[in-house]
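Asker: Give the three-dimensional model of this entry:
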Amino acid sequence: MKLIDMYNGCKEQYPEAVVFIKSGKFYLTFDNDAFIIGYLLNYKKVNNKVGFPESAKEKVVMELNNKEINYFFIDEDGKQYDNNQYYLCLKKANEDIMVTNIANSLVKTIKEKITLDFDNYGKIKDFINEL
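Answerer: Now for the predicted structure:
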């Protein structure tokens, strides 16, 4: 499989991250990700890609973390390293929406029960206090 194909496959999975593929002793990135890395680190873009030696990985990661830019590294052995705050935040947002929907549903049910019989208020309050 060609490096660009590996890159494109990863980019489909992580569109909000700069994707790096290890090739020998270098990491490469392509397309718009190459523009970003070239701009941030003043690396030269050649043939629609930017590369840097593995010894510079820490510097690149530090800069990406400082700028709060998501990244995804794939080493030759298939190991993956990422800092995808975008996906972590998306997961938390989805969980928050789910909890909000559940809470809204409970509030609606509680209102209905209290409207039917105000004595339910005390029962519901006692139940919640016991939780």
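Asker: which sections of the protein are below the confidence cut-off?
Answerer: 1, 76-93 (pLDDT under 70).
Asker: in it, which spans are helices?
Answerer: Taking DSSP state H as the criterion, the chain carries its helices at 3-13, 31-41, 57-66, 85-116, 119-130.
Asker: what's the closest of these to Phe72?
Answerer: Ranking the helices of the chain by proximity to Phe72 (C-beta to C-beta) places helix 3-13 first, at 6.1 Å. C-beta here means a position set from N, CA and C on the backbone, and glycine is covered the same way.
Asker: Using PDB, write down the CA coordinates of that closest one.
Answerer: Extracted C-alpha coordinates of helix 3-13, given in PDB (Å, rounded to 0.1, in the frame of the first residue of the first chain):
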ATOM      1  CA  LEU A   3       2.000   6.000   1.800                       C
ATOM      2  CA  ILE A   4      -0.500   8.400   0.200                       C
ATOM      3  CA  ASP A   5      -3.200   5.700   0.300                       C
ATOM      4  CA  MET A   6      -2.500   5.100   4.000                       C
ATOM      5  CA  TYR A   7      -2.600   8.800   4.600                       C
ATOM      6  CA  ASN A   8      -5.900   9.200   2.800                       C
ATOM      7  CA  GLY A   9      -7.400   6.200   4.700                       C
ATOM      8  CA  CYS A  10      -6.400   7.800   8.000                       C
ATOM      9  CA  LYS A  11      -7.600  11.200   6.900                       C
ATOM     10  CA  GLU A  12     -11.000   9.900   6.200                       C
ATOM     11  CA  GLN A  13     -11.200   8.600   9.800                       C
END
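Asker: what does that helix rub up against?
Answerer: Helix 3-13 is contacted from outside by 19, 21, 23, 28-31, 33, 72, 74, using C-beta atoms under 8 Å, 6 or more residues apart in numbering.
Asker: Filter the residues you listed down to the buried ones.
Answerer: Those of the contacts of helix 3-13 that meet the buried threshold are 19, 21, 28-31, 33, 72, 74, by 16 or more other C-beta atoms under 10 Å.
Asker: Tell me which of these fall in strands.
Answerer: 19, 21, 28-30, 72, 74 (DSSP state E).
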